[in-house]
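1. model this:
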Amino acid sequence: MKVLWICNQCLPQIAEKLHIASSSKEGWLAGLFDALSKKPDRFNLGIAFPYPDNKDFDFDGISAFGFVEDTTRPENYDEAVTERMKQIMNAFRPDVVHVFGTEYAHTLSAAKALDCPEKLLIGFQGVCTALAENYLVGVDEEWINSTTLRDILKDDTLPKQKEKFERRAEHEKEAILLAGYTTGRTRLDSKYSDFLNPDAKYLPMNETMRSTFYDGRWNAEKIKKHSIFVSQCDYPIKGFHILIKALELVRRNYPDVTVRVAGNTITGVGGIKKKVLISTYGKYLKELMHKTKTSDCIEFMGYLSAEEVKRELLSCSLFVLPSVMENSPNSLAEAMLLGVPCVASNVGGVADILSPERDGILYEGNDPGNLATAIRKMFEMVDANDRILSDMLDAAASDARARHDGNRNAETLCSIYETIVQRQERTER
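-> Numbering: from 1, shown residues only. A predicted model of the protein is given here:
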């Protein structure tokens, strides 16, 4: 059985062989690759990914294919990518094509190039349709139509960003209509799969996280008191504006509260160029911090490696996920694996990852007041460090380890591939 993966980026294992830098994003895919690499008797694996050249590679029996795509404009469909996908299909002759994610237009290119629903499996990561619908939730009205020099130069105002997600949602819909199978982890995945293509067979499968997060355990005796860790704040869907408003309320009870934020720093910190080329959302966050007098307790840390993220999680009082829409956030899963106290918004598929009150605290309505209440409640539990907290963190770690078990998930995926091939064989008889 020959299976072709089409990924949003080059896996670290392949990047190392190509002597190029790899990204920490979608690290769960690297974990899945490691697990499947232990099963070479089950299938031959090919991997296609964005690369500067339309080039073919072979690494220890694994066929790899680069395709040229402007990943800075994921909303743009390019017919040239479809033609390259046809070349890849003809060269590898896959029995199953598994496309990871619908966020990039290459998913539609792959679906068009294959032109065989019985062989096509598309996995939901973010659900673009849901993200487009909720993109600007909670952003103050007067900022939505504001603009900056950076936004003008990049044609990337807040309404334009929402429009781009809407275009990605259209590509997502078109691609899913060409798929015989979809896969995902949450009720949100299942709901949108049925909504976008009722004829596609939905096959559930959990994700495997980066190996770094399966070892280690949060300890209340080794943390910085009343500290919060957030994985990113790059764009409105991540809801950092909700957290800033909540933080103003939390400080009334916990004046020593601090927030450390990983990921791209968009608030103009780091030199004249960054100040001049600040985005509207970055400027909004900066002004919001000034207005709420929270600038002094928020630290932007830039991009962090997996090990650095782990250190932050193990030293914080709690992890907060303030997103206004999510499917199955890996940052939350990684925190749960380490037994870190978690507070998250009850949106999208989050409740399928964190069971409220059993694994952590979910708050409702993308509401700063509700988030502040949830943070204060968790701070109280962490300060008490009692049996209730211990039981919650044990449950979170146990649930996460079962859900993200690499061997089990690899076996599930193998079974999915075998099911797809067997159905093709029955059809051909």
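
2. Enumerate every residue touching the most centrally placed residue in the chain.
-> The residue lying closest to the centre of the chain (C-alpha atoms, centre = their mean) is Pro329, at 5.3 Å. Pro329 is in contact with 231, 321, 323, 344, 350, 353, counting by C-beta atoms under 8 Å, 6 or more residues apart in numbering. For glycine as for every other residue, the C-beta is placed from the backbone atoms N, C-alpha and C.

3. to the chain's geometric centre, what's the distance from stretch 241-261?
-> 24 Å (C-alpha atoms, centre = their mean, to the nearest Å).

4. swap in stretch 407-416?
-> 21 Å.

5. Spell out the residue ranges of the helices in the stretch 1-150 of the chain.
-> Along the stretch 1-150 of the chain, counting by DSSP state H, counting those that start in this stretch, helices occupy 12-18, 27-36, 79-92, 106-114, 128-134, 141-144, 149-154.

6. want to throw those into CSV with mean neighbour count and distance to Asp199?
-> Output for these, formatted as CSV (neighbours: other C-beta atoms under 10 Å; distance: least, C-beta to C-beta, whole Å):
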stretch, mean neighbour count, distance to Asp199
helix 12-18, 17, 34
helix 27-36, 21, 27
helix 79-92, 17, 22
helix 106-114, 25, 14
helix 128-134, 21, 17
helix 141-144, 12, 38
helix 149-154, 14, 39
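
7. Identify whichever of those lies nearest to Ile223.
-> helix 27-36 (23.8 Å; C-beta to C-beta).

8. related to what we said a few turns ago, wait, which of the helices of the stretch 1-150 of the chain is closest to Lys222?
-> Nearest of the helices of the stretch 1-150 of the chain (C-beta to C-beta): helix 27-36, 24.3 Å.

9. Which strands or helices does that closest one pack on?
-> Helix 27-36 sits against helix 12-18, helix 406-428, with contacts defined as 3 or more C-beta pairs under 8 Å, 6 or more residues apart in numbering; DSSP states H and E.

10. For those, give me a markdown table that also has distance to Thr148 and mean pLDDT.
-> A markdown table is the format used below for the helices and strands packed on helix 27-36 (distance: least, C-beta to C-beta, whole Å; pLDDT from 0 to 100):
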| stretch | distance to Thr148 | mean pLDDT |
| --- | --- | --- |
| helix 12-18 | 34 | 87 |
| helix 406-428 | 43 | 90 |
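
11. Just send these back as JSON lines, with distance to Asp194 too.
-> Below are the helices and strands packed on helix 27-36 laid out as JSON lines (distance: least, C-beta to C-beta, whole Å):
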{"stretch": "helix 12-18", "distance to Asp194": "34"}
{"stretch": "helix 406-428", "distance to Asp194": "18"}
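
12. and the residue lying closest to Asn346 once chain neighbours are set aside, what are its bridge partners?
-> In this structure, Asn346 finds its nearest non-sequential neighbour in Leu362, 4.0 Å apart by C-beta to C-beta, 6 or more residues apart in numbering. Beta-bridge partners of Leu362, counted by DSSP bridges, are Ala344.

13. can you pull the contacts of Leu362?
-> Leu362 sits in contact with 343-346, 350-351, 354, 356, 374, where contact means C-beta under 8 Å, 6+ apart.

14. just these: which has the poorest pLDDT?
-> On pLDDT alone, Pro356 ranks lowest of the contacts of Leu362, at 94.

15. That one: what's it in contact with?
-> Contacts of Pro356 (C-beta under 8 Å, 6+ apart): 346, 362.

16. Give me the helices and strands touching the helix or strand containing Leu247, please.
-> Under the criterion of DSSP states H and E, Leu247 resides in helix 240-250. Contacts defined by 3+ C-beta pairs under 8 Å, 6+ apart place helix 240-250 against strand 258-261, helix 280-291, helix 368-384.

17. out of these, which comes closest to Ser211?
-> Closest to Ser211 of the helices and strands packed on helix 240-250, according to C-beta to C-beta: strand 258-261, at 23.4 Å.

18. Name the residues of the following helix or strand past that closest one that are buried.
-> Note on strand 258-261: by DSSP H and E, the next helix or strand toward the C-terminus is helix 272-276. Of the residues in helix 272-276, none has enough neighbours to count as buried (16 or more other C-beta atoms under 10 Å).

19. for stretch 293-304, same thing?
-> Buried, per 16+ other C-beta under 10 Å, within stretch 293-304: 294, 297-298, 300, 304.

20. Need the residues that contact that stretch.
-> Stretch 293-304 is touched from outside by 24, 233, 244, 247-248, 251, 257-265, 267, 269, 286, 289, 312, with contacts defined as C-beta under 8 Å, 6+ apart.

21. Stretch 388-397 too?
-> 217-218, 220, 336-342, 354-355, 357-360, 381-382.

22. Could you identify the buried members of these?
-> Among the contacts of stretch 388-397, those classed as buried by 16+ other C-beta under 10 Å are 218, 220, 336-342, 354, 359-360, 381-382.

23. Can you give the domain ranges for this protein?
-> Domain segmentation of the chain under automatic domain parsing yields 2-208+405-428, 212-403.

24. Least confident of those domains, on average?
-> Mean pLDDT per stretch puts domain 2-208+405-428 lowest among the domains of the chain, at a mean of 92.

25. Run the chain-centre distance for it.
-> Distance, centroid of domain 2-208+405-428 to centroid of chain: 12 Å (C-alpha atoms, centre = their mean).

26. tell me the contacts of Leu196?
-> Contacts of Leu196 (C-beta under 8 Å, 6+ apart): 129, 172-173, 176-177.

27. looking at it, Ser345 is touching Ala351, isn't it?
-> No. Using C-beta atoms under 8 Å as the test, Ser345 is too far from Ala351 to be in contact (10.0 Å).

28. out of those two, which sits in the busier spot?
-> The neighbour count for Ser345 versus Ala351, taken as other C-beta atoms under 10 Å, is higher for Ser345 (27 against 17).

29. Would you enumerate the residues in contact with that one?
-> 239, 242, 321-324, 326, 362-363, 366, 371.

30. How much space separates it from Asp359?
-> Note on Ser345: its distance to Asp359, by C-beta to C-beta, to the nearest Å, is 14 Å.

31. can I get the CA coordinates of stretch 175-185 in CSV?
-> The C-alpha atoms that make up stretch 175-185 are tabulated as CSV, following Å, rounded to 0.1, in the frame of the first residue of the first chain:
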residue,chain,number,x,y,z
ALA,A,175,-11.7,20.5,-1.6
ILE,A,176,-13.9,18.6,0.8
LEU,A,177,-16.5,18.1,-1.9
LEU,A,178,-13.9,16.2,-3.9
ALA,A,179,-12.9,13.9,-1.0
GLY,A,180,-14.3,10.5,-0.3
TYR,A,181,-13.1,10.6,3.3
THR,A,182,-12.4,13.1,6.0
THR,A,183,-10.8,12.8,9.4
GLY,A,184,-10.6,14.8,12.6
ARG,A,185,-10.8,14.6,16.4
